[in-house]
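[1] quick one, structure for this:
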Amino acid sequence: MVLTQTPALSLEAFLQQPETKPPQEYIEGQIYPKPMPKGQHSRIQTRLTTAINAESEPEKIAMAFTELRCTFGGRSLIPDISVFNWPNIPLNPNGQIADLFLLPPTWTIEILSPEQPPIRVMNNILFCLDHGSELGWLIDPQEQAVATFQPGKQPEIYQGDRILPTLANLPQLHFSPTTIFDYLNL
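    Sure thing, here's the model as predicted:
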């Protein structure tokens, strides 16, 4: 019996396809659906993005985006939150934020959903770091923990009130897992 493999779809062909719901990521020739956010995921994503932008946008330091497609290094990923240092935000010819982001985020944040394979999510964070990202977070609501990833360092697990690392140009940001998971309380 001879097994034949379906040829992998090229990144260019993938990007020509219409966007889907749920959105899809392109990783090494394969397409993976991104799970639709549920209650806890959505709440953390919304509050954390708002908190980051409240501290970073007025001074034009950085900007956080939710569910933004970032295409670089042969992949097309959609981090839950992508933070870009201000000078790295792509602009269109009119000086407005561009639609295409062909670079990795400065800081990539993923919020683990119960049906999401954690290894694939960690692989995406590590891929971002390998291509220039300065920081990655993997937020796990079920474990009430945050794993942090930085170039050249072992991942670290944070719980409780321990202050999480943020971008060097945003020292005013002080988040702990407690802060993040308190977003889930009404």
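
[2] show the model's pLDDT score for the residue nearest the centre of the chain.
    With distances taken as C-alpha atoms, centre = their mean, the residue of the chain nearest its centroid is P79 (2.7 Å). The model reports P79 with a pLDDT of 98.

[3] now the nearest residue to it once chain neighbours are set aside. Its backbone dihedrals?
    Leaving aside its chain neighbours, P79 sits nearest to T108 (4.4 Å; criterion: C-beta to C-beta, 6 or more residues apart in numbering). All C-beta spots, glycine's among them, are computed from the backbone N, C-alpha and C. Phi and psi for T108, reported as degrees, to the nearest 10, are phi -110, psi 130.

[4] and what of P104?
    Per degrees, to the nearest 10, the backbone of P104 is at phi -80, psi 150.

[5] swap in T49?
    Dihedral angles (degrees, to the nearest 10) for T49: phi -60, psi -40.

[6] before we move on, what about P87?
    phi -70, psi -20.

[7] all helices for this protein, in order.
    For the chain, the helices defined by DSSP state H occupy 11-16, 39-56, 118-130, 177-182.

[8] save the ones you listed as JSON lines, and put in mean pLDDT and mean neighbour count too.
    Listed next are the helices of the chain as JSON lines, based on pLDDT from 0 to 100; neighbours: other C-beta atoms under 10 Å:
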{"stretch": "helix 11-16", "mean pLDDT": "91", "mean neighbour count": "12"}
{"stretch": "helix 39-56", "mean pLDDT": "97", "mean neighbour count": "17"}
{"stretch": "helix 118-130", "mean pLDDT": "97", "mean neighbour count": "17"}
{"stretch": "helix 177-182", "mean pLDDT": "98", "mean neighbour count": "17"}
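
[9] adding distance to P22, write those helices out as a markdown table.
    Conversion of those to a markdown table gives the following (distance: least, C-beta to C-beta, whole Å):
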| stretch | distance to P22 |
| --- | --- |
| helix 11-16 | 15 |
| helix 39-56 | 12 |
| helix 118-130 | 15 |
| helix 177-182 | 23 |
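
[10] tell me which of those helices lies nearest to I89.
    helix 39-56 (11.3 Å; C-beta to C-beta).

[11] counting by contacts, list what that closest one packs against.
    strand 62-66, strand 81-85, strand 107-111, helix 177-182 (3 or more C-beta pairs under 8 Å, 6 or more residues apart in numbering; DSSP states H and E).

[12] out of those, which comes closest to E19?
    Comparing these by C-beta to C-beta, strand 62-66 comes nearest, at 14.8 Å.

[13] alright, calling it a day.
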